[in-house]
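Peer 1: Quick one: sequence plus predicted model below, questions after.
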Amino acid sequence: MFDTEFMRLAFAAGAIVGLLAPAVGFFLVQRRLSLIGDGIGHVAFAGVAFGYLIGISPVLTALIASVVGAVMIEWLRARRPAAADQALALVFYTGIAAGVVLISSAGALNANLFAFLFGSILTVTRGDLALVAVLGVAGLALVALLYRAFAAVALDEESARVSGVPVGLLNVLLAGLAGVTIAVSMRVVGILLIAALMVLPVTAASRIAWSLRSALLLAMGIGVGSVVLGLTLSYYGDLAPGGSIVLVAAGAFAAAAGASSLSTRLTTP
Amino acid sequence: MPLAVELRGVSFAFPGGPPVLRDVDLAVETGEFVAIAGPNGGGKTTLLRVALGLEHPTAGAALLFGEAAQHATRRSRIGYLAQRARLGIEAPVTVQELVSAGLVAGRGILARPSAEDRARVEKAIARVGLTDQSTRMVSRLSGGQQQRAFVAKALAAAPELLVLDEPTAGVDVDAQESLALLLGELHRDLGVTILLVSHEFGAVEPLVDRLVLVRGTIVFDGSPRALPPTWHDPSHVHV
(Lines give C-alpha, C1' and ligand atoms only; values in the text may rest on other atoms or scores of the structure.)
Protein backbone atom coordinates (compact mmCIF):
# COMPACT_ATOMS: atom_id res chain seq x y z
CA MET A 1 0.00 0.00 0.00
CA PHE A 2 2.89 2.36 0.79
CA ASP A 3 4.74 1.54 -2.46
CA THR A 4 2.89 4.30 -4.25
CA GLU A 5 3.60 7.96 -3.52
CA PHE A 6 -0.07 8.96 -3.63
CA MET A 7 -0.81 6.65 -0.68
CA ARG A 8 2.17 7.94 1.31
CA LEU A 9 1.03 11.52 0.72
CA ALA A 10 -2.56 10.57 1.57
CA PHE A 11 -1.56 8.98 4.88
CA ALA A 12 0.71 11.89 5.82
CA ALA A 13 -1.93 14.54 5.09
CA GLY A 14 -4.62 12.39 6.69
CA ALA A 15 -2.62 11.88 9.87
CA ILE A 16 -2.17 15.63 10.34
CA VAL A 17 -5.86 16.29 9.74
CA GLY A 18 -6.76 13.34 12.00
CA LEU A 19 -4.89 15.04 14.84
CA LEU A 20 -5.94 18.64 14.14
CA ALA A 21 -9.68 18.23 13.51
CA PRO A 22 -10.52 16.57 16.88
CA ALA A 23 -8.09 18.86 18.75
CA VAL A 24 -9.99 21.94 17.55
CA GLY A 25 -13.40 20.24 17.60
CA PHE A 26 -12.81 19.23 21.23
CA PHE A 27 -13.41 22.75 22.53
CA LEU A 28 -16.35 23.34 20.17
CA VAL A 29 -18.08 20.18 21.40
CA GLN A 30 -17.55 21.14 25.06
CA ARG A 31 -19.14 24.52 24.26
CA ARG A 32 -22.07 22.76 22.52
CA LEU A 33 -21.12 24.20 19.16
CA SER A 34 -20.75 20.83 17.44
CA LEU A 35 -22.49 21.97 14.27
CA ILE A 36 -20.38 25.07 13.73
CA GLY A 37 -18.04 23.01 11.54
CA ASP A 38 -20.89 22.36 9.12
CA GLY A 39 -21.64 26.08 8.91
CA ILE A 40 -18.01 26.92 8.22
CA GLY A 41 -17.79 24.08 5.70
CA HIS A 42 -20.56 25.66 3.66
CA VAL A 43 -18.75 29.00 3.68
CA ALA A 44 -15.63 27.16 2.56
CA PHE A 45 -17.69 25.87 -0.38
CA ALA A 46 -18.38 29.47 -1.41
CA GLY A 47 -14.63 30.12 -1.09
CA VAL A 48 -13.81 27.17 -3.37
CA ALA A 49 -16.35 28.44 -5.92
CA PHE A 50 -14.88 31.96 -5.78
CA GLY A 51 -11.42 30.52 -6.40
CA TYR A 52 -12.66 28.76 -9.54
CA LEU A 53 -14.42 31.94 -10.69
CA ILE A 54 -11.37 34.21 -10.46
CA GLY A 55 -8.88 31.50 -11.40
CA ILE A 56 -6.76 31.25 -8.25
CA SER A 57 -6.16 28.38 -5.82
CA PRO A 58 -9.55 27.25 -4.43
CA VAL A 59 -7.77 26.09 -1.27
CA LEU A 60 -6.49 29.62 -0.62
CA THR A 61 -9.89 31.23 -1.19
CA ALA A 62 -11.56 28.52 0.91
CA LEU A 63 -9.07 29.21 3.71
CA ILE A 64 -9.88 32.92 3.69
CA ALA A 65 -13.64 32.30 3.41
CA SER A 66 -13.57 29.72 6.24
CA VAL A 67 -11.72 31.97 8.66
CA VAL A 68 -13.91 34.98 7.83
CA GLY A 69 -17.08 32.86 8.08
CA ALA A 70 -16.00 31.33 11.38
CA VAL A 71 -15.20 34.70 12.92
CA MET A 72 -18.52 36.06 11.62
CA ILE A 73 -20.46 33.19 13.25
CA GLU A 74 -18.63 33.84 16.53
CA TRP A 75 -19.32 37.58 16.29
CA LEU A 76 -23.04 37.02 15.67
CA ARG A 77 -23.18 34.43 18.47
CA ALA A 78 -21.47 36.78 20.93
CA ARG A 79 -23.80 39.66 20.08
CA ARG A 80 -26.95 37.62 20.63
CA PRO A 81 -26.22 34.32 22.38
CA ALA A 82 -29.90 33.37 22.39
CA ALA A 83 -29.91 33.51 18.57
CA ALA A 84 -26.72 31.47 18.09
CA ASP A 85 -28.49 28.80 16.03
CA GLN A 86 -30.00 31.48 13.80
CA ALA A 87 -26.53 33.00 13.27
CA LEU A 88 -25.27 29.57 12.25
CA ALA A 89 -28.22 29.04 9.89
CA LEU A 90 -27.70 32.46 8.31
CA VAL A 91 -24.04 31.80 7.53
CA PHE A 92 -24.74 28.16 6.59
CA TYR A 93 -27.37 28.93 3.92
CA THR A 94 -25.73 32.11 2.65
CA GLY A 95 -22.51 30.14 2.17
CA ILE A 96 -24.09 27.29 0.23
CA ALA A 97 -26.22 29.65 -1.89
CA ALA A 98 -23.23 31.85 -2.71
CA GLY A 99 -21.24 28.73 -3.57
CA VAL A 100 -23.89 27.44 -5.99
CA VAL A 101 -24.25 30.82 -7.72
CA LEU A 102 -20.48 31.36 -8.01
CA ILE A 103 -19.71 27.84 -9.17
CA SER A 104 -22.36 27.98 -11.89
CA SER A 105 -21.00 31.38 -13.00
CA ALA A 106 -17.54 29.84 -13.25
CA GLY A 107 -18.92 26.88 -15.22
CA ALA A 108 -17.12 24.53 -12.82
CA LEU A 109 -19.85 22.07 -11.93
CA ASN A 110 -17.48 19.20 -12.60
CA ALA A 111 -15.41 16.46 -11.00
CA ASN A 112 -13.01 18.94 -9.33
CA LEU A 113 -15.87 20.41 -7.36
CA PHE A 114 -16.90 16.99 -6.11
CA ALA A 115 -13.33 16.43 -4.97
CA PHE A 116 -13.77 19.34 -2.56
CA LEU A 117 -17.29 18.37 -1.51
CA PHE A 118 -16.54 14.72 -0.75
CA GLY A 119 -12.76 14.68 -0.41
CA SER A 120 -10.06 13.53 -2.74
CA ILE A 121 -7.22 12.47 -0.51
CA LEU A 122 -5.69 10.21 -3.13
CA THR A 123 -4.93 13.25 -5.31
CA VAL A 124 -3.01 15.12 -2.59
CA THR A 125 0.19 16.59 -4.04
CA ARG A 126 3.48 17.40 -2.30
CA GLY A 127 2.42 21.08 -2.39
CA ASP A 128 -0.92 20.23 -0.73
CA LEU A 129 0.90 18.22 1.93
CA ALA A 130 3.26 21.11 2.66
CA LEU A 131 0.29 23.45 3.17
CA VAL A 132 -1.53 20.93 5.37
CA ALA A 133 1.65 20.33 7.40
CA VAL A 134 2.43 24.03 7.98
CA LEU A 135 -1.12 25.01 8.92
CA GLY A 136 -1.73 21.78 10.81
CA VAL A 137 1.38 22.04 12.97
CA ALA A 138 0.70 25.75 13.59
CA GLY A 139 -2.89 24.91 14.61
CA LEU A 140 -1.79 22.11 16.95
CA ALA A 141 0.87 24.37 18.50
CA LEU A 142 -1.77 27.04 19.16
CA VAL A 143 -4.07 24.47 20.78
CA ALA A 144 -1.21 23.27 23.01
CA LEU A 145 -0.30 26.84 23.94
CA LEU A 146 -3.87 27.91 24.77
CA TYR A 147 -5.19 24.57 26.07
CA ARG A 148 -5.83 25.83 29.62
CA ALA A 149 -7.45 29.06 28.47
CA PHE A 150 -9.68 27.31 25.90
CA ALA A 151 -10.64 24.75 28.58
CA ALA A 152 -11.48 27.47 31.12
CA VAL A 153 -13.85 29.11 28.62
CA ALA A 154 -15.35 25.80 27.52
CA LEU A 155 -16.06 24.74 31.11
CA ASP A 156 -17.63 27.98 32.34
CA GLU A 157 -17.64 30.87 29.88
CA GLU A 158 -19.44 33.35 32.09
CA SER A 159 -17.23 32.80 35.11
CA ALA A 160 -14.15 33.16 32.90
CA ARG A 161 -15.52 36.44 31.53
CA VAL A 162 -16.24 37.80 35.02
CA SER A 163 -12.71 36.90 36.17
CA GLY A 164 -11.17 38.84 33.30
CA VAL A 165 -10.17 36.01 30.94
CA PRO A 166 -10.19 37.52 27.40
CA VAL A 167 -13.11 35.33 26.35
CA GLY A 168 -13.89 37.29 23.17
CA LEU A 169 -10.32 37.01 21.88
CA LEU A 170 -10.15 33.28 22.71
CA ASN A 171 -13.47 32.60 21.01
CA VAL A 172 -12.36 34.43 17.87
CA LEU A 173 -9.05 32.51 17.88
CA LEU A 174 -10.90 29.21 18.25
CA ALA A 175 -13.29 30.17 15.44
CA GLY A 176 -10.31 31.08 13.26
CA LEU A 177 -8.67 27.75 14.08
CA ALA A 178 -11.89 25.98 13.12
CA GLY A 179 -11.84 27.84 9.80
CA VAL A 180 -8.23 26.80 9.13
CA THR A 181 -9.03 23.20 10.09
CA ILE A 182 -11.93 23.05 7.65
CA ALA A 183 -9.84 24.52 4.83
CA VAL A 184 -6.91 22.13 5.26
CA SER A 185 -9.18 19.12 5.73
CA MET A 186 -11.23 19.60 2.55
CA ARG A 187 -9.02 17.33 0.47
CA VAL A 188 -9.08 14.57 3.09
CA VAL A 189 -12.76 14.06 3.91
CA GLY A 190 -14.48 16.83 1.96
CA ILE A 191 -16.41 19.93 2.94
CA LEU A 192 -19.59 17.95 3.61
CA LEU A 193 -17.92 15.51 6.02
CA ILE A 194 -15.18 17.48 7.75
CA ALA A 195 -17.37 18.48 10.68
CA ALA A 196 -17.79 14.77 11.45
CA LEU A 197 -14.05 14.39 11.97
CA MET A 198 -14.16 17.37 14.37
CA VAL A 199 -17.03 15.93 16.40
CA LEU A 200 -17.24 12.11 16.29
CA PRO A 201 -13.78 11.34 17.76
CA VAL A 202 -14.48 13.84 20.55
CA THR A 203 -17.86 12.38 21.46
CA ALA A 204 -16.34 8.88 21.34
CA ALA A 205 -13.42 9.88 23.56
CA SER A 206 -15.70 11.66 26.05
CA ARG A 207 -17.51 8.34 26.70
CA ILE A 208 -14.36 6.57 27.86
CA ALA A 209 -12.10 9.36 29.15
CA TRP A 210 -11.12 9.77 32.80
CA SER A 211 -10.13 13.46 32.59
CA LEU A 212 -10.30 16.43 30.25
CA ARG A 213 -6.71 15.97 29.11
CA SER A 214 -7.23 12.25 28.48
CA ALA A 215 -10.37 13.07 26.48
CA LEU A 216 -8.43 15.44 24.22
CA LEU A 217 -5.59 12.96 23.66
CA LEU A 218 -7.98 10.05 23.11
CA ALA A 219 -9.98 12.15 20.61
CA MET A 220 -6.81 12.90 18.66
CA GLY A 221 -5.87 9.22 18.77
CA ILE A 222 -9.30 8.19 17.52
CA GLY A 223 -9.06 10.86 14.81
CA VAL A 224 -5.74 9.52 13.51
CA GLY A 225 -6.92 5.92 13.92
CA SER A 226 -10.07 6.67 11.90
CA VAL A 227 -8.04 8.20 9.08
CA VAL A 228 -5.52 5.33 8.98
CA LEU A 229 -8.14 2.59 9.17
CA GLY A 230 -10.54 4.39 6.83
CA LEU A 231 -7.85 4.91 4.20
CA THR A 232 -6.72 1.29 4.48
CA LEU A 233 -10.29 0.04 4.05
CA SER A 234 -10.84 2.35 1.10
CA TYR A 235 -7.59 1.17 -0.54
CA TYR A 236 -8.32 -2.53 -0.25
CA GLY A 237 -12.10 -2.27 -0.66
CA ASP A 238 -12.06 0.36 -3.43
CA LEU A 239 -14.32 2.59 -1.33
CA ALA A 240 -14.65 6.39 -1.10
CA PRO A 241 -11.88 7.48 1.31
CA GLY A 242 -13.72 10.42 2.97
CA GLY A 243 -16.83 8.41 3.68
CA SER A 244 -14.79 5.42 4.90
CA ILE A 245 -12.89 7.61 7.38
CA VAL A 246 -16.07 9.10 8.80
CA LEU A 247 -17.78 5.71 9.03
CA VAL A 248 -14.81 4.36 11.01
CA ALA A 249 -15.09 7.38 13.34
CA ALA A 250 -18.82 6.66 13.76
CA GLY A 251 -17.92 3.03 14.53
CA ALA A 252 -15.46 4.26 17.16
CA PHE A 253 -18.25 6.26 18.76
CA ALA A 254 -20.54 3.21 18.83
CA ALA A 255 -17.76 1.08 20.36
CA ALA A 256 -16.94 3.73 22.98
CA ALA A 257 -20.62 4.19 23.88
CA GLY A 258 -20.97 0.39 24.23
CA ALA A 259 -17.84 0.13 26.38
CA SER A 260 -19.00 2.99 28.59
CA SER A 261 -22.45 1.45 29.04
CA LEU A 262 -20.94 -1.96 29.86
CA SER A 263 -18.53 -0.41 32.35
CA THR A 264 -21.39 1.41 34.09
CA ARG A 265 -23.38 -1.83 34.37
CA LEU A 266 -20.43 -3.75 35.77
CA THR A 267 -19.55 -1.10 38.34
CA THR A 268 -23.09 -0.28 39.47
CA PRO A 269 -24.10 -2.49 42.42
CA MET B 1 -10.84 51.51 50.86
CA PRO B 2 -13.31 51.59 47.94
CA LEU B 3 -16.55 49.71 48.12
CA ALA B 4 -16.38 46.19 46.66
CA VAL B 5 -19.64 46.67 44.76
CA GLU B 6 -21.64 49.81 44.20
CA LEU B 7 -24.78 50.53 42.22
CA ARG B 8 -25.84 54.16 41.88
CA GLY B 9 -29.38 54.79 40.65
CA VAL B 10 -29.24 51.75 38.37
CA SER B 11 -32.14 50.97 36.06
CA PHE B 12 -32.13 48.18 33.51
CA ALA B 13 -34.42 46.84 30.78
CA PHE B 14 -33.75 44.35 28.01
CA PRO B 15 -34.23 45.88 24.51
CA GLY B 16 -37.94 46.40 23.89
CA GLY B 17 -38.87 44.92 27.27
CA PRO B 18 -40.32 46.31 30.49
CA PRO B 19 -37.95 47.59 33.19
CA VAL B 20 -36.33 44.80 35.20
CA LEU B 21 -34.59 47.10 37.68
CA ARG B 22 -35.66 50.60 38.71
CA ASP B 23 -33.42 53.12 40.45
CA VAL B 24 -31.39 50.65 42.49
CA ASP B 25 -28.81 51.92 45.00
CA LEU B 26 -26.60 49.33 46.65
CA ALA B 27 -23.23 49.51 48.40
CA VAL B 28 -21.33 46.41 49.52
CA GLU B 29 -18.32 47.14 51.68
CA THR B 30 -15.14 45.08 51.63
CA GLY B 31 -15.45 42.14 54.01
CA GLU B 32 -19.26 42.13 54.12
CA PHE B 33 -21.40 39.02 53.61
CA VAL B 34 -24.53 40.14 51.77
CA ALA B 35 -27.41 37.97 50.61
CA ILE B 36 -29.67 39.20 47.83
CA ALA B 37 -33.06 37.52 47.89
CA GLY B 38 -36.44 37.99 46.31
CA PRO B 39 -39.05 36.25 44.18
CA ASN B 40 -38.26 34.59 40.88
CA GLY B 41 -38.32 37.22 38.14
CA GLY B 42 -37.69 39.97 40.69
CA GLY B 43 -34.40 41.00 39.08
CA LYS B 44 -31.86 39.42 41.46
CA THR B 45 -29.70 37.82 38.79
CA THR B 46 -29.98 40.88 36.53
CA LEU B 47 -28.84 43.05 39.42
CA LEU B 48 -25.84 40.78 39.86
CA ARG B 49 -25.02 40.78 36.14
CA VAL B 50 -25.15 44.58 36.04
CA ALA B 51 -22.97 44.77 39.17
CA LEU B 52 -20.39 42.46 37.54
CA GLY B 53 -20.37 44.43 34.28
CA LEU B 54 -21.99 41.64 32.25
CA GLU B 55 -24.93 43.92 31.38
CA HIS B 56 -25.01 47.70 30.72
CA PRO B 57 -27.39 49.62 32.99
CA THR B 58 -29.88 51.70 31.01
CA ALA B 59 -29.45 54.42 33.63
CA GLY B 60 -27.10 54.94 36.56
CA ALA B 61 -23.66 53.48 37.20
CA ALA B 62 -22.22 50.15 38.39
CA LEU B 63 -18.80 50.14 40.08
CA LEU B 64 -16.49 47.26 41.06
CA PHE B 65 -13.74 48.17 43.52
CA GLY B 66 -14.35 51.83 42.63
CA GLU B 67 -13.99 51.37 38.85
CA ALA B 68 -16.69 51.24 36.18
CA ALA B 69 -17.83 47.60 36.32
CA GLN B 70 -17.44 46.97 32.58
CA HIS B 71 -13.82 48.16 32.62
CA ALA B 72 -12.76 46.96 36.05
CA THR B 73 -9.09 45.99 36.18
CA ARG B 74 -9.15 43.79 39.29
CA ARG B 75 -11.36 41.13 37.76
CA SER B 76 -8.95 38.30 38.46
CA ARG B 77 -9.73 38.79 42.16
CA ILE B 78 -13.41 38.00 41.61
CA GLY B 79 -14.53 34.42 42.14
CA TYR B 80 -17.88 33.82 40.42
CA LEU B 81 -20.21 30.86 40.56
CA ALA B 82 -22.78 31.36 37.81
CA GLN B 83 -26.34 30.15 38.25
CA ARG B 84 -26.19 27.38 35.69
CA ALA B 85 -22.50 26.53 35.84
CA ARG B 86 -22.70 23.13 37.42
CA LEU B 87 -25.86 22.13 35.59
CA GLY B 88 -24.01 21.95 32.26
CA ILE B 89 -21.03 20.01 33.52
CA GLU B 90 -21.05 17.10 31.10
CA ALA B 91 -17.43 17.49 30.06
CA PRO B 92 -15.16 14.68 31.29
CA VAL B 93 -13.34 17.02 33.67
CA THR B 94 -11.85 16.09 37.03
CA VAL B 95 -12.23 18.21 40.16
CA GLN B 96 -8.52 19.10 39.93
CA GLU B 97 -8.83 20.23 36.31
CA LEU B 98 -11.96 22.26 37.02
CA VAL B 99 -10.38 24.05 39.96
CA SER B 100 -7.19 24.72 37.96
CA ALA B 101 -9.32 26.55 35.39
CA GLY B 102 -9.98 29.16 38.08
CA LEU B 103 -6.31 30.22 37.90
CA VAL B 104 -6.26 31.15 34.21
CA ALA B 105 -7.43 34.74 34.72
CA GLY B 106 -4.81 35.58 37.33
CA ARG B 107 -1.90 33.83 35.64
CA GLY B 108 -2.57 34.85 32.04
CA ILE B 109 -3.72 32.71 29.15
CA LEU B 110 -0.24 31.55 28.13
CA ALA B 111 1.14 30.68 31.57
CA ARG B 112 2.10 27.12 32.53
CA PRO B 113 1.00 26.07 36.03
CA SER B 114 3.74 26.40 38.63
CA ALA B 115 4.28 24.34 41.79
CA GLU B 116 2.68 27.20 43.69
CA ASP B 117 -0.39 27.01 41.43
CA ARG B 118 -0.72 23.28 42.04
CA ALA B 119 -0.48 23.87 45.78
CA ARG B 120 -3.20 26.53 45.54
CA VAL B 121 -5.47 24.13 43.69
CA GLU B 122 -4.94 21.42 46.30
CA LYS B 123 -5.58 23.93 49.07
CA ALA B 124 -8.83 25.14 47.47
CA ILE B 125 -9.99 21.53 47.04
CA ALA B 126 -9.12 20.74 50.65
CA ARG B 127 -10.97 23.87 51.81
CA VAL B 128 -14.23 22.56 50.34
CA GLY B 129 -13.60 19.03 51.62
CA LEU B 130 -13.11 17.28 48.29
CA THR B 131 -9.49 16.11 48.63
CA ASP B 132 -10.54 12.46 48.34
CA GLN B 133 -12.44 13.26 45.14
CA SER B 134 -9.84 15.44 43.42
CA THR B 135 -9.09 12.99 40.59
CA ARG B 136 -12.72 11.98 40.09
CA MET B 137 -14.79 13.39 37.26
CA VAL B 138 -17.13 16.18 38.31
CA SER B 139 -20.04 14.56 36.48
CA ARG B 140 -19.76 11.53 38.80
CA LEU B 141 -20.19 13.64 41.96
CA SER B 142 -23.43 14.44 43.77
CA GLY B 143 -25.10 17.82 43.19
CA GLY B 144 -23.76 19.14 46.49
CA GLN B 145 -20.22 17.97 45.71
CA GLN B 146 -20.36 19.51 42.23
CA GLN B 147 -21.40 22.76 43.82
CA ARG B 148 -18.41 22.55 46.20
CA ALA B 149 -16.08 21.86 43.28
CA PHE B 150 -17.24 25.07 41.60
CA VAL B 151 -16.80 26.98 44.87
CA ALA B 152 -13.22 25.61 45.01
CA LYS B 153 -12.69 26.85 41.44
CA ALA B 154 -13.85 30.31 42.49
CA LEU B 155 -11.56 30.15 45.55
CA ALA B 156 -8.44 29.04 43.67
CA ALA B 157 -7.61 32.58 42.59
CA ALA B 158 -7.74 33.80 46.22
CA PRO B 159 -10.64 36.15 45.46
CA GLU B 160 -11.33 39.38 47.30
CA LEU B 161 -14.94 39.14 46.19
CA LEU B 162 -16.86 35.87 45.94
CA VAL B 163 -20.12 36.07 44.01
CA LEU B 164 -22.54 33.15 43.98
CA ASP B 165 -25.74 33.11 41.95
CA GLU B 166 -28.33 30.66 43.31
CA PRO B 167 -25.71 28.22 44.63
CA THR B 168 -28.33 26.18 46.49
CA ALA B 169 -30.68 25.63 43.55
CA GLY B 170 -31.26 21.96 42.83
CA VAL B 171 -29.38 20.53 45.82
CA ASP B 172 -30.79 18.88 48.93
CA VAL B 173 -31.19 20.51 52.33
CA ASP B 174 -28.06 18.86 53.78
CA ALA B 175 -25.95 20.21 50.91
CA GLN B 176 -27.49 23.67 51.37
CA GLU B 177 -26.58 23.68 55.06
CA SER B 178 -23.13 22.36 54.35
CA LEU B 179 -22.53 25.12 51.78
CA ALA B 180 -23.79 27.75 54.23
CA LEU B 181 -21.27 26.53 56.83
CA LEU B 182 -18.49 26.61 54.24
CA LEU B 183 -19.33 30.18 53.21
CA GLY B 184 -19.43 31.20 56.87
CA GLU B 185 -15.92 29.75 57.35
CA LEU B 186 -14.58 31.48 54.26
CA HIS B 187 -15.99 34.80 55.38
CA ARG B 188 -14.64 34.41 58.91
CA ASP B 189 -11.23 32.88 58.10
CA LEU B 190 -10.30 34.64 54.86
CA GLY B 191 -12.21 37.90 55.25
CA VAL B 192 -13.50 37.52 51.70
CA THR B 193 -16.43 39.72 50.65
CA ILE B 194 -19.37 37.49 49.73
CA LEU B 195 -22.33 38.45 47.59
CA LEU B 196 -24.86 35.66 47.34
CA VAL B 197 -28.06 35.63 45.33
CA SER B 198 -30.77 33.17 46.26
CA HIS B 199 -34.53 32.96 46.20
CA GLU B 200 -34.28 31.01 49.45
CA PHE B 201 -31.86 32.25 52.04
CA GLY B 202 -32.89 30.25 55.11
CA ALA B 203 -29.62 28.29 55.41
CA VAL B 204 -27.39 31.36 55.17
CA GLU B 205 -29.62 33.71 57.17
CA PRO B 206 -27.72 33.32 60.47
CA LEU B 207 -24.40 34.04 58.72
CA VAL B 208 -25.05 37.14 56.62
CA ASP B 209 -24.40 40.72 57.70
CA ARG B 210 -27.10 42.13 55.45
CA LEU B 211 -30.09 40.92 53.55
CA VAL B 212 -31.22 42.79 50.44
CA LEU B 213 -34.67 42.01 49.06
CA VAL B 214 -35.19 42.81 45.40
CA ARG B 215 -38.46 43.08 43.55
CA GLY B 216 -37.67 45.32 40.59
CA THR B 217 -36.13 47.68 43.11
CA ILE B 218 -34.73 47.22 46.59
CA VAL B 219 -37.61 46.79 49.04
CA PHE B 220 -35.54 45.88 52.10
CA ASP B 221 -31.88 46.37 52.99
CA GLY B 222 -30.75 45.57 56.51
CA SER B 223 -30.09 42.90 59.09
CA PRO B 224 -32.06 39.69 58.53
CA ARG B 225 -33.27 40.07 62.10
CA ALA B 226 -35.01 43.32 61.14
CA LEU B 227 -36.97 41.66 58.34
CA PRO B 228 -40.76 42.01 58.82
CA PRO B 229 -42.17 38.56 59.72
CA THR B 230 -44.62 38.67 56.81
CA TRP B 231 -41.67 38.91 54.41
CA HIS B 232 -39.73 36.06 55.86
CA ASP B 233 -40.26 34.01 52.75
CA PRO B 234 -38.74 36.28 50.09
CA SER B 235 -40.46 34.42 47.29
CA HIS B 236 -43.71 35.90 48.54
CA VAL B 237 -42.63 39.52 48.84
CA HIS B 238 -45.25 41.74 47.25
CA VAL B 239 -45.01 45.47 47.26
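Peer 2: Arrived safely, thanks for sending. Residues are numbered from 1 along each chain as shown, chains lettered A, B, ... in the order given.
Peer 1: For the residue in chain B that chain A sits nearest to, which residues are in contact?
Peer 2: Sorted by distance to chain A under Cβ to the nearest Cβ, the residues of chain B start with B:R75, at 3.1 Å. Bear in mind the C-beta positions are built from the backbone N, C-alpha and C, glycine included. Contacts here follow Cβ atoms under 8 Å, 6 or more residues apart in numbering or on different chains; on that basis B:R75 touches A:V162, A:S163, A:G164, B:L64, B:A105.
Peer 1: Let me know the pLDDT of it.
Peer 2: Each residue has a pLDDT score; the one for B:R75 is 87.
Peer 1: Quickly list the domain ranges of chain B.
Peer 2: Listed by automatic domain parsing, the domain ranges of chain B are B:1-74+B:160-239, B:85-159.
Peer 1: just the helices in the stretch 1-150 of chain A please.
Peer 2: Using DSSP state H, counting those that start in this stretch, the helices of the stretch 1-150 of chain A run over A:5-30, A:36-54, A:58-79, A:84-105, A:111-118, A:126-155.
Peer 1: ah, wrong one, I meant chain B
Peer 2: Assigned by DSSP state H, chain B shows helices spanning B:44-51, B:95-101, B:104-107, B:115-127, B:143-156, B:173-190.
Peer 1: The longest one - contacts with which helices or strands?
Peer 2: By that I understand helix B:173-190. With contacts defined as 3 or more Cβ pairs under 8 Å, 6 or more residues apart in numbering or on different chains; DSSP states H and E, helix B:173-190 has these neighbours: helix B:143-156, strand B:161-165, strand B:193-197.
Peer 1: now the shortest one
Peer 2: Using 3+ Cβ pairs under 8 Å, 6+ apart as the contact criterion, the neighbours of helix B:104-107 among helices and strands are helix A:126-155.
Peer 1: Mind listing what's buried along the helix it packs on?
Peer 2: A:128-129, A:131-132, A:135-136, A:139-140, A:142-143, A:146-155 (16 or more other Cβ atoms under 10 Å in any protein chain shown).
Peer 1: Mind checking if the helix or strand that that helix is followed by is in reach of chain B?
Peer 2: Using DSSP states H and E, the helix or strand that directly follows helix A:126-155 along the chain is helix A:157-162. Yes: with Cβ under 8 Å from any Cβ of the partner chain as the criterion, chain B is reached by helix A:157-162 at A:E158, A:S159, A:A160, A:R161, A:V162.
Peer 1: residues in contact with the lowest-mean-pLDDT helix or strand in chain B?
Peer 2: The element with the least model confidence among the helices and strands of chain B, by mean pLDDT, DSSP states H and E, is helix B:173-190, at a mean of 83. Residues from elsewhere that reach helix B:173-190, judged by Cβ under 8 Å, 6+ apart: B:33, B:127-129, B:142-144, B:147-148, B:151, B:155, B:162, B:164, B:167-168, B:171, B:192, B:194, B:196, B:203-204, B:207.
Peer 1: Buried ones from the residues you listed, can you make that a ChimeraX selection?
Peer 2: What follows is the ChimeraX syntax selecting those of the contacts of helix B:173-190 that are buried according to 16+ other Cβ under 10 Å:
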select /B:33,127,128,144,147,148,151,155,162,164,167,168,171,192,194,196,203,204,207
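Peer 1: and the contacts of helix B:173-190 near chain A, which?
Peer 2: Those of these which are also neighbours of chain A - as judged by Cβ under 8 Å from any Cβ - do not exist.
Peer 1: Can you tell me which residues in chain A are near chain B?
Peer 2: With Cβ under 8 Å from any Cβ as the criterion, chain A meets chain B at residues A:30, A:145-146, A:148-149, A:151-152, A:154-156, A:158-166, A:170, A:206, A:209-215.
Peer 1: Next, the contact list for A:M1, please.
Peer 2: A:M1 is in contact with A:M7, A:T232, A:Y235, A:Y236, counting by Cβ under 8 Å, 6+ apart.
Peer 1: related to what we said a few turns ago, out of the helices and strands packed on helix B:173-190, which is closest to A:Q86?
Peer 2: Closest approach to A:Q86 among the helices and strands packed on helix B:173-190 (Cβ to Cβ): strand B:161-165, 26.8 Å.
Peer 1: Just want the angle from that closest one to helix B:173-190.
Peer 2: Computed with axes from the mean of the first three to the mean of the last three Cα atoms, to 10 degrees, the direction of strand B:161-165 lies at 170 degrees from that of helix B:173-190.
Peer 1: Can you name every helix or strand that strand B:161-165 contacts?
Peer 2: In terms of contact count using 3+ Cβ pairs under 8 Å, 6+ apart, strand B:161-165 is assigned the packing partners helix B:44-51, strand B:78-81, helix B:143-156, helix B:173-190, strand B:193-197.
Peer 1: Need the winner for burial among those.
Peer 2: With neighbours taken as mean count of other Cβ atoms under 10 Å in any protein chain shown, these reach their highest mean count in strand B:78-81, at a mean of 27.
Peer 1: and the residue of the stretch 51-200 of chain A nearest chain B?
Peer 2: When distances are taken as Cβ to the nearest Cβ, the stretch 51-200 of chain A reaches nearest to chain B at A:G164, 3.1 Å away.
Peer 1: and that residue, helix, strand or coil?
Peer 2: Here A:G164 takes the coil state, with states given by DSSP: H, G, I helix; E, B strand; the rest coil.
Peer 1: what's the burial count for it?
Peer 2: Close neighbours of A:G164, defined as other Cβ atoms under 10 Å in any protein chain shown, add up to 18.
Peer 1: Wait, it touches B:Y80, no?
Peer 2: No: counting by Cβ atoms under 8 Å, A:G164 sits too far from B:Y80 to count as a contact (10.5 Å).
Peer 1: what's the closest residue to B:G38 other than its chain neighbours in contact with, if anything?
Peer 2: For B:G38, ignoring the flanking residues on the chain, the nearest one in space by Cβ to Cβ, 6 or more residues apart in numbering or on different chains is B:V214 at 4.0 Å. Under the criterion of Cβ under 8 Å, 6+ apart, the contact partners of B:V214 comprise B:L21, B:V24, B:I36, B:A37, B:G38, B:G42, B:G43, B:K44, B:L47.
Peer 1: what's the pLDDT at B:V214?
Peer 2: 90.
Peer 1: Where does the prediction get shaky in the stretch 101-250 of chain A?
Peer 2: Within the stretch 101-250 of chain A, the ranges that satisfy pLDDT under 70 run A:108-112.
Peer 1: now do chain B
Peer 2: Chain B contains residues with pLDDT under 70 at B:1, B:84-89, B:200-201, B:203, B:230-239.
Peer 1: What parts of it come near chain A?
Peer 2: Proximity of chain B to chain A is confined to B:52-54, B:75-76, B:78-82, B:85, B:89, B:91-94, B:97-98, B:100-102, B:104-106, B:109-111, B:113, B:135, B:137, B:150, B:153-154, B:157, B:163 under the rule Cβ under 8 Å from any Cβ.
Peer 1: Pull out the buried residues from the residues you listed.
Peer 2: So, by 16+ other Cβ under 10 Å, the buried ones in the residues of chain B next to chain A are B:52-54, B:75-76, B:78-82, B:85, B:89, B:91-94, B:97-98, B:100-102, B:104-106, B:109, B:137, B:150, B:153-154, B:157, B:163.
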